[in-house]
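Student: with the sequence up front, the predicted model follows.
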Amino acid sequence: MSQILHHFAKFTVDRAFFLLQCCNLESAVILMEKLLVNGARRMKYLLKILARFVRYFSFTKGRQQAAKNNVSRLFVISLAVIAVCAPNLAWTAPKSVPSYISRPPEDEVTYFMLLDRFANGDVSNDRGGLTGSRLQTGYDPSSKGFYQGGDIRGLINRLDYVQGLGATAIWLAPIFKNKPVQGPAGDESAAYHGYWITDFTTIDPHFGTEADFRELVNAAHARGMKVYIDIITNHTADVIYSRECVGQNDCPYRYIGDYPNRAYTPFVPAGDEHIKKPEWLNNPIYYHNRGNSNWHGESGLYGDFSGLDDVATENPIVVRGFVDIYKSWIDRFAIDGFRIDTVKHVNPEFWQVFVPAIRRHAQSKGIPNFQIFAEAYVDGVNPGGLAVFTHRDGLPSVLDFSFQSAIRNVLSRNQSIENFEFLYAGDVLYKGGASAAMRIQTFTGNHDMGRLAMLIRKDNPNMEAEEVLARVKLANAIMMFARGAPVLYSGDEQGFTGDGGDQDARETLFASRVAVYNDNLLLGSNRTTAVDNYDINHPLYRQIAQMAHVRGAHSALRRGRQKLRAMSYNGHILAISRFEPVSNKEYLLLFNTASEAQTQNIEVENTTRSFETLLGNCPNVVNTGHVVQVRLEKFEYAICRASN
């Protein structure tokens, strides 16, 4: 009976509103009276028509009195229906959509971490439930290549720290169950990074449990933060071996032209026949088995990535299998996005199926802005090389390696700011054009190539720490305010530098016992990595938090179209205008990339008369000819908003 009344109420109110729109007020009143008589126990439709009534009432002004009377009568009857039905309401208000659900990707500030290196909240899982030496458990907190003890519980305990930095999304390196240790004798290392997966269906015990992860996601969502996880489809852990390569140091790639049917004879060592999950991943027929990639030609697609088992992603069974795997993570944990590893080593046809399937599934689960961004490494400022993955492969977004190259070229190698002109000119190449470029993830360094501070020191070995810090701060500002969705690498906000890339760039924020970490000189601090580093007063933490607040408060700095201003071969001030999406109000972003003060005239919009300062020192008055004179000290930046 309740359902019948529900549908009757909906039909009646919708019909009444239709009549109201057609100015047939008398008929609308009659329908509403019928609703009152029937005593329907649903109220949301009444609230709907009352809201429309308020808007419609203004149109009755000046009409005949009968019309006014009917509108008033309709309003009174609607209130009466609510009064009659209220004591027996069967309907409850729908839950409001959390704000994070509706945020588009370009609004996010993402904090990227390797769980093992962030915080240790549960020492009982340090060895992942395994026993024996580090070669069995993977745990050795004195070695940079082994598990240190960080876990999900540690992150839950430190969410205040991450949110205080201004992060709105957390990107986790792979959290799936891994083969704990692999590598040739004497050169073993552990899977602390998460990229040697054996079980794609659950959490690695070194990090905690599925219940822990569910608690993390729920806690982040309660704060309005999103959670992205790193996923892999290109390879699994190194479990399958080739008989022809047993006893050899390498298993060289064999090309299809030379070995069209079978390159090597694969086998799985005794005891590992069912180590992978789902079960289909244990069958060697779903792998290429052609030897190690040499990173040239077809070996980039079909070769083993440093010995890791290369999956035959062109096989329809594999495609369906991975779609099902990653759908289940959305179903079970309501995560908000995927970062996809080693995209360029997977055939494009795989992504053409995988991406739309995942996005449709997320949409069906109430996640309309499910973010998918890809790691597709390209060298140098080469936006076209990145954009191809958004067209051919159908990937919605990529990590902006070209932005990182421009940052390094200008702020570390002292090249011209024309690097940015070339970078941003390529925005139109992405599928969706310049508006799509707003969603790509910008970064200054990462866990593979190393941190920007290390790169600056490498390029400028005699540079004083104070100048390195100033250059890093300027890079942060460009990343936070120019187009793109910024990604912060965990530890950068504490002045971590590292000695290089890969393991040398993966320090722990909790007190470390790794000697090659603890001898590093941190930026902006007298601390070392031998102690906990969660200092909310560190100058880089404070800078990022301040910029994130400004970015969050002004839609132009997140979603506004971008226009490059002054560009000259000899110029050092990078000037960018961004525009508020609705009002088109101009924001002027100014960055002095030189090691000395600079003065420069910058053209602005002809509708802009003056500026107010959001950060730094902004020019106040626009001179004749729509020009402002800008003066910035060395490595200084300013964020300005038109005040007229």
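Tutor: Happy to help now that I have it. Numbers count the residues shown, from 1 in each chain.

Student: show me where the stretch 251-400 of the chain has strands.
Tutor: For the stretch 251-400 of the chain, the strands defined by DSSP state E, counting those that start in this stretch occupy 266-267, 337-340, 371-374, 397-398.

Student: remind me what the third one packs against, helices and strands.
Tutor: With contacts defined as 3 or more Cβ pairs under 8 Å, 6 or more residues apart in numbering; DSSP states H and E, the packing partners of strand 371-374 are strand 337-340, helix 348-364, strand 397-398. For glycine as for every other residue, the C-beta is placed from the backbone atoms N, C-alpha and C.

Student: run through who's touching that strand.
Tutor: Residues from elsewhere that reach strand 371-374 (Cβ atoms under 8 Å, 6 or more residues apart in numbering): 105, 108, 169, 226, 228, 336-340, 343, 355, 358-359, 389, 393, 395-399, 440-441.

Student: what sits against residue 401?
Tutor: 376, 377, 378, 379, 382, 386.

Student: now restrict those to buried residues only.
Tutor: 376, 378, 386 (16 or more other Cβ atoms under 10 Å).

Student: which helices and strands sit right next to the helix or strand hosting residue 215?
Tutor: For residue 215, the host element (DSSP states H and E) is helix 210-222. Secondary-structure packing of helix 210-222 (3+ Cβ pairs under 8 Å, 6+ apart): helix 152-157, strand 197-203, strand 226-231, helix 316-333.

Student: as TSV, these with mean pLDDT and distance to residue 606 would be great.
Tutor: Formatted as TSV, the helices and strands packed on helix 210-222 follow (pLDDT from 0 to 100; distance: least, Cβ to Cβ, whole Å):
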stretch	mean pLDDT	distance to residue 606
helix 152-157	98	50
strand 197-203	98	56
strand 226-231	98	39
helix 316-333	98	48
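
Student: of all these, which one is nearest residue 179?
Tutor: Judged by Cβ to Cβ, the one of those that comes nearest to residue 179 is strand 197-203, at 5.1 Å.

Student: give me the buried positions along that closest one.
Tutor: 197, 198, 199, 200, 203.

Student: and the angle from it to helix 210-222?
Tutor: 60 degrees (axes from the mean of the first three to the mean of the last three Cα atoms, to 10 degrees).

Student: how close does residue 469 sit to residue 525?
Tutor: Per Cβ to Cβ, to the nearest Å, residue 469 is found 10 Å from residue 525.

Student: in TSV, list the buried ones among the contacts of residue 401 along with distance to residue 321 and pLDDT.
Tutor: Conversion of the buried ones among the contacts of residue 401 to TSV gives the following (distance: Cβ to Cβ, whole Å; pLDDT from 0 to 100):
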residue	distance to residue 321	pLDDT
376	23	97
378	29	96
386	28	98
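
Student: which of those fall in helices?
Tutor: residue 386 (DSSP state H).

Student: ok, so of the buried ones among the contacts of residue 401, who is nearest residue 489?
Tutor: Residue 489 has its nearest neighbour among the buried ones among the contacts of residue 401 in residue 376, at 18.1 Å by Cβ to Cβ.

Student: so what's the closest residue to residue 504 other than its chain neighbours up against?
Tutor: Once flanking residues are discounted, residue 504 sits nearest to residue 498: 5.0 Å by Cβ to Cβ, 6 or more residues apart in numbering. With contact set as Cβ under 8 Å, 6+ apart, residue 498 has these partners: 450, 451, 453, 454, 504, 505, 506, 507, 517, 520.

Student: touching, the fifth one and residue 144? I think so.
Tutor: Same thing as residue 504. Yes - look at residue 504 against residue 144 with Cβ atoms under 8 Å: they come within range, at 7.0 Å.

Student: more neighbours, these two?
Tutor: Neighbour count, other Cβ atoms under 10 Å: between residue 504 and residue 144, residue 144 has more, with 23 against 18.

Student: dump the residue contacts of that one.
Tutor: With Cβ under 8 Å, 6+ apart, residue 144 has these contacts: 503, 504, 506, 514, 516, 517.

Student: in a helix, that's where the second one is, yeah?
Tutor: Yes - under DSSP: H, G, I helix; E, B strand; the rest coil, residue 504 falls within a helix.

Student: what distance do you get for it to residue 514?
Tutor: Using Cβ to Cβ, we find residue 504 at a distance of 10 Å from residue 514.

Student: the first one too?
Tutor: Summarising the geometry, the distance separating residue 503 from residue 514, computed by Cβ to Cβ, is 9 Å.

Student: which of these two has more neighbours?
Tutor: residue 514 (23 against 20).

Student: just give the nearest non-adjacent residue to the more buried one, would you?
Tutor: residue 144 (4.9 Å).

Student: please apply the same query to residue 323.
Tutor: residue 357 (4.8 Å).

Student: quickly list the domain ranges of the chain.
Tutor: For the chain, the structural domains run 2-88, 235-312, 560-642, going by automatic domain parsing.

Student: residue 530 reaches residue 511, doesn't it?
Tutor: Yes - judged on Cβ under 8 Å, residue 530 makes contact with residue 511 at a distance of 6.0 Å.

Student: what do residue 504 and residue 144 both touch?
Tutor: Joint contacts of residue 504 and residue 144 (Cβ under 8 Å, 6+ apart) are residue 516.

Student: I'd assumed residue 110 was in contact with residue 485.
Tutor: Yes - look at residue 485 against residue 110 with Cβ under 8 Å: they come within range, at 6.6 Å.

Student: got any residues that touch both of those two?
Tutor: Residues touching both residue 485 and residue 110 (Cβ under 8 Å, 6+ apart) are residue 441.

Student: before we move on, back to that, quickly name whichever of the contacts of residue 401 is closest to residue 304.
Tutor: When the contacts of residue 401 are compared for distance to residue 304 (Cβ to Cβ), residue 377 wins out at 17.6 Å.

Student: just to revisit the earlier point, ok, residue 469 and residue 525, which is more surrounded?
Tutor: Legend: neighbour count by other Cβ under 10 Å for residue 469 and residue 525, higher for residue 469 (21 against 17).

Student: so who does the more buried one touch?
Tutor: Contacts of residue 469 (Cβ under 8 Å, 6+ apart): 495, 523, 524, 539, 540.

Student: any idea how far the nearest residue to residue 256 once chain neighbours are set aside is from residue 290?
Tutor: Spatial nearest neighbour of residue 256, excluding adjacent residues (Cβ to Cβ, 6+ apart): residue 298 at 6.3 Å. Taking Cβ to Cβ as the measure, residue 298 falls 9 Å from residue 290.

Student: swap in residue 269?
Tutor: 20 Å.

Student: between these two, which has more neighbouring residues?
Tutor: residue 290 (24 against 10).

Student: quick revisit: could you dump the helices and strands packed on strand 371-374 to a markdown table with mean neighbour count?
Tutor: Shown next, in a markdown table, are the helices and strands packed on strand 371-374 (neighbours: other Cβ atoms under 10 Å):
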| stretch | mean neighbour count |
| --- | --- |
| strand 337-340 | 25 |
| helix 348-364 | 17 |
| strand 397-398 | 28 |
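
Student: how about these, which one is nearest residue 119?
Tutor: strand 337-340 (20.4 Å).

Student: got phi/psi on the most centrally placed residue in the chain?
Tutor: By Cα atoms, centre = their mean, the mean C-alpha position of the chain lies nearest to residue 110, the distance being 5.3 Å. Main-chain dihedrals, residue 110, degrees, to the nearest 10: phi -100, psi 130.

Student: my guess is it meets residue 489, correct?
Tutor: No - at 9.8 Å, residue 110 does not count as touching residue 489 under the criterion of Cβ under 8 Å.

Student: so what's residue 303 closest to, chain neighbours aside?
Tutor: Residue 303 sits nearest to residue 293 (Cβ to Cβ, 6+ apart), 2.8 Å away.
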